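> 3D model of this:
(chains A and B)
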Amino acid sequence: MHSAAAAPYEIVAREDFSDVTFLLEVRHPLMARAARPGQFVIVMARPEGERIPLTLADFDPQEGTITLVIQAVGKTTREMQQACQVGAGLHALVGPMGIPSQIAKISAAAKKVVCVGGGLGVAPMFPQARAYKQAGAYVIGVVGYRNKDLVFWEDKFRGACDELVLCTNDGSAGMKGFVTDGLRVALEKHPDVAEVIAIGPPVMMKACADATRARKVKTMVSVNPIMVDGTGMCGGCRVKVGDKVKFACVDGPDFDGHLVDFDDLMARLTRFAAQEKMALERWLDSCRMMKPPAEEPAELPDPFEEVRGG
Amino acid sequence: MPERDPKERARSFQEVACGYQPEHALREAERCLLCPDPKCIEGCPVSIDIPEFIRRITAKDYRGAYDTIAATNLLPAICGRVCPQESQCEGVCTVGESLEPVAIGRLERWVGDLALAEGWSSAPYIEPNGYRVGIVGSGPAGMACAADMAKAGCDVTVYEAFQEPGGVLKYGIPDFRLPNPVIDAEIENLRKLGVKFECNTLVGRLFTLSDMLDEMGYHAVFIGTGAGYPSMMGIPGESLNGVLSANELLTRCNLMRARDFPKYDTPLPAGKRVAVIGSGNTAMDARRVSLRLGAEKVTCIYRRSRAESPARAEELHHAEEEGIEFHWLTSPIEILGDADGGKAGNVRGMRCIRMALGEPDSSGRPRPVPMPGSEFEVATDIVVYAIGTNANPIIGQTSKLSLNKRGYIETDENLATSMAGVYAGGDIVTGAATVIEAMGAGRRAARSMKKYLGIYQEDSDSKAERLFGIPVYEHNFARLRAA
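Numbering: from 1, shown residues only, chains lettered A, B, ... in the order given. Model prediction:
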C-alpha cells in the first residue's frame, strides 16, 4: 500500500564526506521503488525554504530509502548541512522527476560505456554506472575530485565498473588532472566506446562534450538548471538543445551533450546571483551572532554552485 | 462593492475588493427580477439556481442561500472571486439589458465568505460505498470532482505534486484576488467530507495510472493536472536573464512567498521596469504582482486591442486603475540584452512592432498583422511571458492514454479517457480555460464516474438504461453477484 506523504520525510542516515559534502539517506519507500537512474527529486528543507533540485545518488527498494549527496555552498544547502541530522525530517520531498536515463537500449549489445562524474556529479553517476553494469555493458568509470580528502565512494564505483579512472586536480590520489583528461585516457585505450555519460558542473560537461565531439561518440549529459516546481509548469529550467528549447524537468534532465548550449545554461544559472549572495551573507551574519567566530569557514565557495545541486 | 484605493492597494497584497457588507448585499439582491425563465442559470457552467439563492438573500435566509449554491457549487467563495461573470451569468442577466446586471458574482462571494466565517458546511450524511477514487491534481477540477465523489460515499484521495493543495488557485492566482485563507477554508470543507490530500506526490513518476488502478486499488481515477507548460514566442533573446514565464513569477511570489524574501528563501528577479506580454487573466495577475513587488513601471504588450483582451473585465479595469501602461496592438520581435551578442546578459529592453487588425482568424478574433516600419523599443529590465500554455507532458509520458496532436488528453463526451476507469477534465483536456470551467468539468467527470461505478444518482438520466436486463445503477449488485 501506499504511504507517500508521511511528511516530514525522515533522515535515517548521514555521512559527511568532507567539510562541505554530505550524504543523506531519507526514508521514502515508494520513491525508492519508483526511482530510476538519471532521475532527480525536489527538496524543501523547511516550510520557509526554497525548492531545490537534487539528482538521486542512490535508492534502495529493500530498505525503502533514497540517497542524496549535497554540497553546502549556498544558504539553503549550508542550512541543510546544519539541520539535516539523523532523526530530523525534510519538509517536502517530491520525485522521482524527469525521464530516466535510456540505459537498456544501448547496452543490450554489451557495448562499452564511459561514465564520467566530476565533483558532486560523482554521486548521481553511480546509479547509472551500476545500471549499465547490470544491463551487461562494459563500464569504464571516470571520477574526479579536487584532492585526496574529497574522494568518496571509490569502493562503490570499483564494484560497479569494470575499470575505474580516478582523477584528482592535484594528483594526491589516482591520476593528476581533470575528468576530461581521464576521459581522454579512457577513449585512447578503448577506441570502440559506444557512449559517454557525463554528470557534473556545466563547465565540466561542456569540456567532456567537446572531448568526444571529434570522435563522434554519443555523449549524454545531465543538466541542472534552476527550477521551481520540477513538473513542467514554470519553464525556469529551459535549456537550448540544438535549435529547440527544452524543459530540463520534464523533457530531460538527460540531453545530447553535443547539442546542449552550455554557455546559455551557465549564464542562466547566474539569474539570481545577487539574491543568492545576499541570502548567504545574511545567513552567515546570523550564524556569527549565534556562534563563536572560530567556526566561520575560512573560504567561501562560489555561491552559484548551489543551484547546480548535482 | 467597496474597493481599496488604487494607489494604496497597488503596493499591497491585501485583497482589492473588500466584499459586501450585509446592507450592500441586500440592496443588490433586491435588484434581481427573479425572472420566471432565468437565463443566468444557463449562463452558469455549473447551473447554480441563481434566482433562488438571491431570493433567499432578500428573505434574509442566508444559510438557505448558501445551501442553494452549495447544491451545485461547493466553492462559492472562490468562484465568486474568479469567475468571468460578465461572459457567463451576468452577461445574460435580464436587468443587464438596460442597466448594470445584478452583481451575481459578488453576491455569491458574499454568501461564500459568510459561510466560511460562520463555519457552515454542506456536508450531508454520507454512507460509504466501498469505492476508492484517486484524483490527480488538487486544482479546481480535482477539488470539484473530489467533492462530488466524496458526497456519493467514495473514499477519495487527491494527489498534489506541490507541497500544498490548491493547484492554480494557490500558485497562480495572487492573494489580492483570491486570499490563501479562502482556499484553505474550502480545502478544509473537502476534508470534512472525508477527502484525503496527499501532497509531494508526482503521479506518473512516483506511481503510474496503471499502478493506481491495479495494486493501489482505486476503482476510478480522475486526471485534472492542468495545462501548465508555458509557451514562449521563439524570438531572439529569450534566454537572457530577466525573461521568465508568468507561471514562474506567480509561483515564486504566491506559493513560495518570494515576496517575503529573504525571510522566505525563494528569490525573485530584480528589476524596476517590467514588461508583460499577453493580456489574459494570468498576464494581468503578473502585472499587478510586479507592481506590488515594487516595480516602478509595468507595461502590457498585447498584439490585439483592448476589445479582444481575454482578461476578466474587472481585472482589466483594476489593472488600468493601478497605473499599468498599455501598449495595445503591439508585438515583441526581439528581446535586447545589455551584453554583446546577447549571451550572459540581462534584459535591457524589447524591440516591438505595431500591429493592425485584419480579417478574423480561426479563433474568430481579428488577426493581428504587423505594420512594416513601425518598430520601436520599450526599455525594460524584466520580460514576463503570459501568452498561454501547452499540455503538461508527464501523464502522457508515463501512461498509454491517447492524447490529441497537441498533447492534451483525449476524452469522449462523458470525459472518459481511452483507459477504462480513468476520466479527465479541465485544462489538461481543453487547454487553458477558467477556474469555473475546470470545476464544471470535474463535476461532469464525477457524474460519469458514478455511472461507471454503478452508483445510484437520484437525478440520473441513466435510470432507463439497462445492461443485460439490469439497470445500470445496479451494476454494483450484478458485479458482486458475479464475483
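> for the stretch 101-250 of chain B, what lies in contact range of chain A?
Where the stretch 101-250 of chain B comes near chain A, counting by CB under 8 Å from any CB of the partner chain, the residues are B:159, B:161-163, B:171, B:198-202, B:205-207, B:216, B:226, B:228-230, B:232, B:234, B:238-239, B:241, B:244-245, B:247-248. For the C-beta atoms, the positions are set from N, CA and C on the backbone; glycine is no exception.
> please flag which of the residues you listed sit within helices.
Here DSSP state H is the test, and these give B:Y171, B:N247, B:E248 as lying in helices.
> report the buried residues of stretch A:254-270.
By 16 or more other CB atoms under 10 Å in any protein chain shown, the buried positions in stretch A:254-270 come out as A:254-255, A:257-269.
> of all those residues, which comes closest to chain B?
Using CB to the nearest CB, A:A267 is the member of the buried residues of stretch A:254-270 that sits closest to chain B, with 4.0 Å.
> go ahead and confirm that closest one touches B:G337.
No: using CB atoms under 8 Å, A:A267 makes no contact with B:G337, being 9.8 Å away.
> just to revisit the earlier point, most surrounded residue in the ones in helices among the residues of the stretch 101-250 of chain B next to chain A?
With neighbours taken as other CB atoms under 10 Å in any protein chain shown, the top of those is B:N247, carrying 28 neighbours.
> what's the spacing between it and B:V289?
12 Å (CB to CB, to the nearest Å).
> now swap in B:Y131 and tell me
B:Y131 is 41 Å from B:V289, where distance means CB to CB.
> over to B:T208?
Taking CB to CB, one finds B:T208 at 36 Å from B:V289.
> who has more neighbours out of those two?
It is B:V289, of B:T208 and B:V289, that has more neighbours when counted by other CB under 10 Å, with 27 against 17.
> for the more buried one, what are its contacts?
B:P174, B:L249, B:L250, B:C253, B:N254 (CB atoms under 8 Å, 6 or more residues apart in numbering or on different chains).
> so how far is B:N180 from it?
Taking CB to CB, one finds B:V289 at 14 Å from B:N180.
> need the pLDDT of the closest residue to B:N390 other than its chain neighbours.
Leaving out its chain neighbours, the residue that sits closest to B:N390 by CB to CB, 6 or more residues apart in numbering or on different chains is B:Y229, at 4.4 Å. Looking at B:Y229, its pLDDT reads 88.
> wait, doesn't B:Y229 sit right on B:I394?
No: counting by CB under 8 Å, B:Y229 does not reach B:I394; the two are 9.6 Å apart.
> now the common contact residues for those two.
Residues touching both B:Y229 and B:I394 by CB under 8 Å, 6+ apart: A:G232, A:V250.
> OK, contacts around the most centrally placed residue in chain B?
The residue lying closest to the centre of chain B (CA atoms, centre = their mean) is B:V435, at 2.7 Å. By CB under 8 Å, 6+ apart, B:V435 lies in contact with B:I78, B:C79, B:V82, B:C83, B:P140, B:V168, B:L169, B:I173.
> what do you get for B:H327?
B:T299, B:C300, B:I301, B:Y302, B:C352, B:V378.
> quick check, nearest of the residues you listed to chain A?
Nearest to chain A among the contacts of B:H327, counting by CB to the nearest CB, is B:I301 at 18.0 Å.
> who's that closest one bridged to?
B:I277, B:H327 (DSSP bridges).
> got a list of what it touches?
Contacts of B:I301 (CB under 8 Å, 6+ apart): B:A275, B:V276, B:I277, B:G278, B:H327, B:T330, B:S331, B:P332, B:M350, B:C352, B:V378.
> mind redoing it with 10 Å?
Neighbouring residues of B:I301 by CB atoms under 10 Å, 6 or more residues apart in numbering or on different chains: B:275-279, B:283, B:325-332, B:350, B:352, B:378, B:380, B:383-384, B:386-387.
> quick check on the residues of the stretch 101-250 of chain B next to chain A: which are buried?
Among those, those scoring as buried are B:159, B:161-163, B:171, B:198-202, B:205-207, B:216, B:226, B:228-230, B:238-239, B:241, B:244-245, B:247-248 (criterion: 16+ other CB under 10 Å).
> ok, the buried residues of stretch A:254-270 vs A:E63, which is closest?
Lowest distance from A:E63 to these (CB to CB) belongs to A:D254, with 26.0 Å.
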